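Engineer: Model the following, please.
(one chain, ligands or ions: 3)
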Amino acid sequence: MLLSQINDPCDLKKLSVDQLPILAEEVRQFLIEKLSVTGGHLAPNLGVVELTIALHYCYNSPQDKFLFDVGHQAYVHKILTGRMDRFDSLRQYKGLCGFVKRNESEHDVWEAGHSSTSLSAAMGMALARDLKGEDNKVVAIIGDGALTGGMAFEALNHIGHEKKDMMVILNDNEMSIAPNVGAVHNYLTKIRSDRNYLRAKDEVEQLLKKIPAIGGKLAKTVERLKDSLKYLVVSGVLFEELGFKYLGPVDGHDVEGLIEAFTQANNVKGPVLVHVLTTKGKGYTPAEEDSYKWHGVSQPYKIESGQVLKAVGNPTYTDVFGQTLIELGEQDKRIVAVTPAMPGGSGLVKFAERFPDRMIDVGIAEQHAATMCAALAMEGMKPVYAVYSTFMQRAYDQIVHDICRQNANVMFAIDRAGFVGADGETHQGVFDIAFMRHIPNMVLMMPKDENELRHMMKTALEYNNGPIAYRYPRSSVPGVQLDEVLTPIPIGSWETVREGDGPIVIAVGPMIQVAEEAANTLKRDGIYLNIVNARFIKPLDETMLLQLAKYNRQMIVMEEACDAGSLGGAVLEFYAKQGIAGLDISLMGIPDRFIEHGSVKDQLQEVDLTADKLVEKVRSYRAGQKFAFTHKANQ
Ligand SMILES: Cc1ncc(C[n+]2csc(CCOP(=O)(O)OP(=O)(O)O)c2C)c(N)n1
Ligand SMILES: CC(=O)[C@@H](O)[C@H](O)COP(=O)(O)O
Ligand SMILES: [Mg+2]
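Structural biologist: Ligands and ions are numbered 1, 2, ... in the order given. Presented below is the predicted three-dimensional model:
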């Protein structure tokens, strides 16, 4: 086994070029076997096996810097840089991260998780290199999906202007998570697929070489002819016009051809873009045939059949959202769903089948999506901005400047709110309460269960006074009875879900179930929790808050969101503004640090968001030890 000889890239370089395809197959088998147990981003990584081997073969990491865009396709890089033995812990608590991770290896020079940052980072590293007078290579590896991200264009524009020596490898597999979209995608497809186009390109390039350099008036005409011919057929002219030398397209599974291309690129002055054509899921038939499904597998699978061992249990909040949106879409033709490249993850595939012209996938373009929704709303449509909490961070200014300031009647369906588990710190949906609730005109809701989510969706549809958002977790639903008829919930109204003369717990979302579990335990102590569902994070239910203050009992605000600036903060601010002091209020939320990958259960335990901790807090308060525990600060 060649793979067992590879502990770092130096070992790789000891192999002969003709051994590399053998190594590639061993890496492929390793990935298929390991991920059949752990799950992970299988298809993206199967697509970059040869590319990553060739990269490490031609260049010298970590002196030469490899920047993987998104970083979900860096498993091969991790295998080649001494982390093969950690793959049994992939994406598990305190285990190997599923993305590039600086504290794992000196070869991991740039972290991501969110898309389209690699080119900007590469420009920064090239600029620093030149200012320091160093001469290492800077190589960004970006996919065709990530290239639809606005940041990538900002960087291309700047790189092409500055003309720093650097290399961009465009890994073009025609897929984002879903089939890729956009004009650049169409352009790449033309380069990729039109054999005549490519043949014509060679003929024209030969012709261009034959046109002698001549002087005089004719010279300009000939130059213009050459440019227009080049424009017509030479592939990559888009990138050439942006100041890059374009090389390709190159077969991304031919290691020798890749080495040749990377060696050629190495001799180019200025920025060079190597267009590599790959197959997402290469080498594993189920993943090749459906790279959409195999982009990321959360469950184990049977290698032979490709059967994913589905997690049994209730539908997810995403499933309920998708189904309910179809029901509402039937009733109201104004509803338009907009997703930034996540139709599957956001539960919109069936909605798109039912209403093909009312589900818009804009590519990885959260900012564009938000502003487009504002305009849709202002023109009388009912846009649903369906977005993961974490990716919505990209659109903060568009939410403030274009949606809320203009009071556009946009509905936000914020998925993956709270901990997300295996994707870890780059994907946790824990900041959106803090960055949404302070924006004027915003209404922000979170349901305690799937039935309330459906009513919230109806509430949002009937609400015409500006932006309104509902957020829900990545998890399965509790499994409650669904009401047939959906009725709007009065804006700003909380509900008491459990009456009790004991401590008051103001909880939101899945923390309601946690509080109920603690209440059942405490009942045995003769302590009866009063649990309030703070289903409107904005506006608060001020009447309820004033009433609760009168009880003057221990009060705990419990939320799966960052302590700073979320619901707990809002409650404290409210009482302070009312001049109500002396209340025993404590917050149970997420402390001021990033929470790494693992299961959601691991993550909740790490930050004490559990029924046991709530019970402990109440009991110790009763025993006179106020605020019995605080977060393990920066553990
Ligand atoms: C800002 C942002 N939006 C959405 C995503 C979700 N996402 C992760 S990978 C991916 C597709 C990336 O496609 P591509 O760059 O072509 O890589 P491939 O998986 O095809 O190798 C998307 C949309 C993200 N990581 N970041
Ligand atoms: C790499 C990336 O950002 C996506 O693949 C993300 O991992 C999808 O998350 P879900 O699995 O929650 O849809
Ligand atoms: Mg792709």
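Engineer: mind showing which ranges of this protein have poor pLDDT?
Structural biologist: 194-202, 204-205, 208, 213-214, 226-227, 229-234, 625-635 (pLDDT under 70).
Engineer: tell me the domain boundaries of it?
Structural biologist: 3-194+234-289, 317-471, 495-624 (automatic domain parsing).
Engineer: for the residue of the stretch 201-350 of the chain found nearest ligand 2, phi and psi?
Structural biologist: Shortest the stretch 201-350 of the chain-to-ligand 2 distance, computed as C-beta to the nearest ligand atom: residue-wise this is Gly345, at 3.5 Å. All C-beta spots, glycine's among them, are computed from the backbone N, C-alpha and C. Here is the backbone geometry of Gly345 (degrees, to the nearest 10): phi -60, psi -30.
Engineer: ok, now Tyr301?
Structural biologist: Main-chain dihedrals, Tyr301, degrees, to the nearest 10: phi -140, psi 160.
Engineer: Give me the spatial nearest neighbour of it, chain neighbours excluded.
Structural biologist: Val308 (4.5 Å; C-beta to C-beta, 6 or more residues apart in numbering).
Engineer: Tell me which residues touch the one you found, please.
Structural biologist: Lys293, Val297, Gln299, Pro300, Tyr301 (C-beta atoms under 8 Å, 6 or more residues apart in numbering).
Engineer: Can I get the buried part of the residues you listed as one ChimeraX selection?
Structural biologist: In ChimeraX, this line selects whichever of those come out buried by 16 or more other C-beta atoms under 10 Å:
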select :293,297,301
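Engineer: does the residue of the stretch 201-350 of the chain closest to ligand 2 really touch Ala413, like I thought?
Structural biologist: No. Gly345 is not in contact with Ala413 according to C-beta atoms under 8 Å; the separation is 11.7 Å.
Engineer: hmm, back to that, out of the contacts of Val308, which is nearest to ligand 3?
Structural biologist: Among the contacts of Val308, Lys293 lies closest to ligand 3 (C-beta to the ion), at 14.8 Å.
Engineer: May I have the residues that are in contact with the closest one?
Structural biologist: So Lys293 contacts Val308 (C-beta under 8 Å, 6+ apart).
Engineer: returning to that earlier point: same list as before, the contacts of Val308 that is, but in CSV and with distance to ligand 2 and secondary structure included.
Structural biologist: Below are the contacts of Val308 laid out as CSV (distance: C-beta to the nearest ligand atom, whole Å; DSSP: H, G, I helix; E, B strand; the rest coil):
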residue, distance to ligand 2, secondary structure
Lys293, 12, coil
Val297, 9, strand
Gln299, 11, coil
Pro300, 15, coil
Tyr301, 15, strand
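Engineer: Can you say which two of the contacts of Val308 are spatially most distant?
Structural biologist: For these, the maximum inter-member distance is 14.5 Å, found between Lys293 and Pro300 (C-beta to C-beta).
Engineer: and the residue of the stretch 201-350 of the chain closest to ligand 2, how many neighbours?
Structural biologist: 21 (other C-beta atoms under 10 Å).
Engineer: now do Lys333
Structural biologist: 11.
Engineer: Which residue, other than its chain neighbours, is closest to it?
Structural biologist: Arg358 (8.0 Å).
Engineer: What of Phe87?
Structural biologist: In space, Phe87 is closest to Lys34, 4.4 Å off (C-beta to C-beta, 6+ apart).
Engineer: Wait, that neighbour touches Leu90, no?
Structural biologist: Yes. At 6.9 Å, Lys34 counts as touching Leu90 under the criterion of C-beta under 8 Å.
Engineer: Neighbour count: those two, which is higher?
Structural biologist: Leu90 (22 against 18).
Engineer: How about the more buried one: what's its closest non-neighbour residue?
Structural biologist: Counting by C-beta to C-beta, 6+ apart, the residue nearest Leu90 is Thr38, at 4.3 Å.
Engineer: pretty sure the one you found is touching Arg86, no?
Structural biologist: No. Contact criterion C-beta under 8 Å: Thr38 and Arg86 do not qualify, at 10.7 Å.
Engineer: Compare neighbour counts for these two and give me the winner.
Structural biologist: Legend: neighbour count by other C-beta under 10 Å for Thr38 and Arg86, higher for Thr38 (19 against 15).
Engineer: what are the bridge partners for Met411, then?
Structural biologist: Val384, Ile468 (DSSP bridges).
Engineer: List the residues that contact it.
Structural biologist: Lys382, Pro383, Val384, Tyr385, Met457, Ala460, Leu461, Pro467, Ile468, Ala469, Tyr470 are the contacts of Met411 under C-beta under 8 Å, 6+ apart.
Engineer: Then Leu567?
Structural biologist: Contacts of Leu567 by C-beta under 8 Å, 6+ apart are Ile433, Arg437, Ile506, Val508, Ala534, Ile537, Val557, Glu559, Ala561, Gly589.
Engineer: do Leu325 as well
Structural biologist: Counting by C-beta under 8 Å, 6+ apart, Leu325 has contacts Ile335, Ala337, Gly347, Leu348, Phe351, Val384, Ala413, Met457.
Engineer: just those residues now: which is nearest Glu616?
Structural biologist: For these, the nearest to Glu616 is Ala413 (35.6 Å; C-beta to C-beta).
Engineer: Quick check, the closest one in contact with Val387.
Structural biologist: Yes. Contact criterion C-beta under 8 Å: Ala413 and Val387 qualify, at 7.3 Å.
Engineer: what is in contact with those two at once?
Structural biologist: With C-beta under 8 Å, 6+ apart as the test, Ala413 and Val387 both reach Ser346.
Engineer: could you pull out the helices for the stretch 51-200 of the chain?
Structural biologist: Under the criterion DSSP state H, counting those that start in this stretch, the stretch 51-200 of the chain carries helices at the ranges 75-78, 118-132, 150-162, 183-193, 195-210.
Engineer: Can you list phi and psi of the residue nearest to Tyr301 for me?
Structural biologist: phi -80, psi 130.
Engineer: Equivalent analysis for Leu247, please.
Structural biologist: phi -120, psi 130.
Engineer: Does it touch Thr263 like I think?
Structural biologist: No. In this structure, Leu247 is not within contact of Thr263 by C-beta under 8 Å, at 10.6 Å.
Engineer: more neighbours, these two?
Structural biologist: Leu247 (22 against 13).
Engineer: How much space separates the residue of the chain most remote from its centre from Val222?
Structural biologist: Computed with C-alpha atoms, centre = their mean, the residue of the chain farthest from its C-alpha average is Gly216, at 56.4 Å. Per C-beta to C-beta, to the nearest Å, Gly216 is found 10 Å from Val222.
Engineer: and what of His275?
Structural biologist: 28 Å.
Engineer: What is the neighbour count of Glu256?
Structural biologist: Applying other C-beta under 10 Å, I find that Glu256 has 14 neighbouring residues.
Engineer: That one against Gln19, yeah?
Structural biologist: No. Judged on C-beta under 8 Å, Glu256 makes no contact with Gln19 at a distance of 11.3 Å.
Engineer: distance of the residue of the stretch 51-200 of the chain found nearest ligand 2 from Ala146?
Structural biologist: Closest approach between the stretch 51-200 of the chain and ligand 2, counting by C-beta to the nearest ligand atom: His72, at 3.9 Å. Separation of His72 from Ala146 (C-beta to C-beta): 10 Å.
Engineer: These two - which one has more neighbours?
Structural biologist: Higher neighbour count among His72 and Ala146: Ala146, with 30 against 25, using other C-beta under 10 Å.
Engineer: Name all residues that make contact with that one.
Structural biologist: By C-beta under 8 Å, 6+ apart, the contact set of Ala146 is Asp69, Val70, Ser115, Ser116, Ser118, Ala152, Ile364.
Engineer: the more surrounded of His275 and Val222?
Structural biologist: His275 (23 against 15).
Engineer: mind checking the SS state of that one?
Structural biologist: Here His275 takes the strand state, with states given by DSSP: H, G, I helix; E, B strand; the rest coil.
Engineer: residues from the protein in reach of ligand 1?
Structural biologist: With C-beta under 6 Å from any ligand atom as the criterion, the chain meets ligand 1 at residues 44, 47, 70, 72-73, 114-115, 143-146, 171, 173, 175-177, 280, 295, 340-341, 364, 366, 391, 394.
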